[in-house]
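Participant: Sharing a sequence plus its predicted fold:
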Amino acid sequence: MKRVLLYVICVVFGMNVAFGEASELKILYLIPFESDSYTSPIVRNSEDMGQVRSYQMMGFWNGAQMALEELSKDRNISFDIVVRDVSNNEKQLRAIMEDTELMRGVDLIIGPFFGKMFSIAAEYAKQYRIPIVNPFTSRRDFMVDNEYVFKLMPALESRPAMIAFMAQQTGASPIIIYGDSNSQDKEMTAYLRYFQENNVDFELIPNASSVVTRISQTKPSIVITFYNNPAINLIISRNLLYSQKTDNLTFVVPESWLESKTYDIEYYSKLNLHFFSDYYIDYEAEKTKIFINDYTEKYGVAPSLASFSFQGYDITRYFVELVFNYLDLDRVKVSPIAFPFTFDKLPNGGYENVNVQFLEVKNNEIVPSGY
């Protein structure tokens, strides 16, 4: 608890955190700790911490520190680390970015985390010619005409592109979308647009019984739903199970289905459930086990995706290596724990991560899909 409070105080007063004696690589973190609204909430465990914005972002910073300490030790890299609390205060952000003394020698900017604030910071980064990383925003507009931007969240359109590729590889045609043609669902709209623009064979079917009749008993079939209503989910899943047509079925659902308390992992395994996710962690991997153990020992709480601990580690580890290798993507050899990166560059613009996490429930476990 005292450790967390100490870090919050450091952020409030703009203190620098340095590793090593010499300053060879200077990184500016713009993290939304929201310390100005900090009211000392009661925190009993890691679940309580996940409900407080300041603590959530502290997980990101803690993970980042783990990466920095590893790099300092393993690669003999020295750092000058500057952390600023940046949430939605545009005036505050501009003051930071216009502070020539602070910005002098900055090699990398990570954040801000919110879209509007990032757009502002990205313009300054372009002016200073400093690579800047957007960790979580799905917006793409700030990439246009700015080759210093790295956007980490894959575009929504990458999901239907993956499904179309899978359909082509397996011969599953047409792709069946279980949904309402009047739906305003953002993801469904992206799928329909992509399929139409790329001449992908699909059918939009509004009722569960008709979906079952269109599934082949012997050939591969792909069914996609965007519904996240427990009653509707129950109808379509039961219809599919009772049809006994799931052997060659790929059933693609929102990731939020996995949060349901109604069904267990075995039930989803029988459905050949697939879903897209921003992250995937192999908890059996040796690197993951070591990180969790070291993190827990250091901070007294286990790392989690909800507190952005793994993301803070992966992002820092990758981009320090990238800067250290003169922004040559081909020279970066980093094995992430949760957040893999494969970048495509926009013509005359920035870089976008295209590494889509497509997962499936198989043999009662969540694993990467084979596609």
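Facilitator: Alright, I've got the coordinates.

Participant: any idea of the mean pLDDT in the top helix by length along the chain?
Facilitator: When the chain is scanned for its longest helix (criterion: DSSP state H), the result is helix 53-74. Throughout helix 53-74, pLDDT has a mean value of 86.

Participant: Past that helix, which element shows up next along the chain?
Facilitator: Once the chain leaves helix 53-74, the next helix or strand it forms, by DSSP states H and E, is strand 79-85.

Participant: mind checking how far the longest helix of the chain is from the chain centre?
Facilitator: Put simply, helix 53-74 sits 16 Å off its chain's centre (CA atoms, centre = their mean, to the nearest Å).

Participant: how much does that helix deviate in direction from strand 79-85?
Facilitator: Computed with axes from the mean of the first three to the mean of the last three CA atoms, to 10 degrees, the direction of helix 53-74 lies at 180 degrees from that of strand 79-85.

Participant: Next, the buried residues of helix 53-74.
Facilitator: Buried residues in helix 53-74, counted by 16 or more other CB atoms under 10 Å: 54-68, 70-72. The way it works is simple: take the backbone N, C-alpha and C, and place the C-beta from them, glycine included.

Participant: Please report how far Asn62 lies from Ser309.
Facilitator: Distance of Asn62 to Ser309, computed by CB to CB, to the nearest Å: 6 Å.

Participant: which neighbours do the two share?
Facilitator: Common neighbours of Asn62 and Ser309, counting by CB atoms under 8 Å, 6 or more residues apart in numbering, are Tyr295, Pro303.

Participant: residue contacts, Ile176?
Facilitator: Ile176 neighbours (CB under 8 Å, 6+ apart): Phe202, Glu203, Ile205, Val211, Arg214, Ile215, Ser221, Ile222, Val223, Ile224.

Participant: which SS state does the second one fall under?
Facilitator: Per DSSP: H, G, I helix; E, B strand; the rest coil, the local secondary structure of Glu203 is strand.

Participant: what about it, how many residues close to it?
Facilitator: 13 (other CB atoms under 10 Å).

Participant: swap in the last one?
Facilitator: Ile224 has 23 neighbours, counted by other CB under 10 Å.

Participant: Surely it and Val252 touch.
Facilitator: Yes. Applying CB atoms under 8 Å as the test, Ile224 and Val252 come out as touching, 4.4 Å apart.

Participant: joint contacts of the two?
Facilitator: Shared contacts of Ile224 and Val252 (CB under 8 Å, 6+ apart): Ile163.

Participant: residues contacting Ile315?
Facilitator: Ala64, Ile110, Val133, Pro135, Leu152, Phe339.

Participant: Measure how buried the closest residue to Ile96 other than its chain neighbours is and give me the count.
Facilitator: The shortest distance from Ile96 to any non-neighbouring residue, by CB to CB, 6 or more residues apart in numbering, is to Arg84 (5.4 Å). A count of nearby residues for Arg84, using other CB under 10 Å, gives 20.

Participant: State the distance from Arg84 to Val106.
Facilitator: Taking CB to CB, one finds Arg84 at 12 Å from Val106.

Participant: Please apply the same query to Asp330.
Facilitator: Applying CB to CB to Asp330 and Val106 gives a distance of 24 Å.

Participant: what do you get for Leu204?
Facilitator: Distance from Leu204 to Val106, by CB to CB: 49 Å.

Participant: cool, Val252 as well?
Facilitator: Val252 sits 42 Å away from Val106, going by CB to CB.

Participant: ok, these two, which is more surrounded?
Facilitator: Val252 (26 against 19).

Participant: For the more buried one, grab phi and psi.
Facilitator: phi -100, psi 120 (degrees, to the nearest 10).

Participant: Quick one: residues contacting it.
Facilitator: Ile163, Ile222, Val223, Ile224, Thr225, His274, Phe275, Phe276.

Participant: And Val334, by the same measure?
Facilitator: Neighbour list for Val334: Asp314, Arg317, Tyr318, Glu321 [criterion: CB under 8 Å, 6+ apart].

Participant: can we see that at 7 Å?
Facilitator: Arg317, Tyr318, Glu321 (CB atoms under 7 Å, 6 or more residues apart in numbering).

Participant: Do you have the helices of the stretch 251-371 of the chain handy? List them.
Facilitator: With helices called from DSSP state H, counting those that start in this stretch, the stretch 251-371 of the chain shows them at 265-270, 286-299, 309-324.

Participant: Which positions in the second one come out as buried?
Facilitator: Neighbour counts over helix 286-299 (16+ other CB under 10 Å) mark Thr288, Phe291, Ile292, Tyr295, Tyr299 as buried.

Participant: List just the nearest of these to Glu98.
Facilitator: Tyr299 (34.0 Å; CB to CB).

Participant: I figured the closest one hits Gly63, correct?
Facilitator: No. Proximity of Tyr299 to Gly63 does not meet the contact threshold set by CB atoms under 7 Å, at 9.6 Å.

Participant: Break the protein into its domains for me.
Facilitator: Taking automatic domain parsing as the reference, the chain has its domains at 2-153+283-340, 158-277+358-368.

Participant: Could you check how far the shortest one is from the centre of its chain?
Facilitator: Here the centre of mass of C-alpha atoms in domain 158-277+358-368, compared against the chain's by CA atoms, centre = their mean, lies 22 Å away.

Participant: Quick check: mean pLDDT of that domain?
Facilitator: Rounded mean pLDDT across domain 158-277+358-368 is 88.

Participant: Please write out the alpha-carbon positions of stretch 298-305 in PDB.
Facilitator: As requested, the backbone C-alpha atoms of stretch 298-305 are provided in PDB (Å, rounded to 0.1, in the frame of the first residue of the first chain):
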ATOM      1  CA  LYS A 298       7.900  -7.200  -5.900                       C
ATOM      2  CA  TYR A 299       4.500  -5.500  -5.600                       C
ATOM      3  CA  GLY A 300       2.600  -7.800  -3.300                       C
ATOM      4  CA  VAL A 301      -0.200  -8.400  -5.800                       C
ATOM      5  CA  ALA A 302      -0.600 -10.600  -8.800                       C
ATOM      6  CA  PRO A 303      -0.400  -9.000 -12.300                       C
ATOM      7  CA  SER A 304      -3.600  -9.100 -14.400                       C
ATOM      8  CA  LEU A 305      -4.900  -7.900 -17.700                       C
END
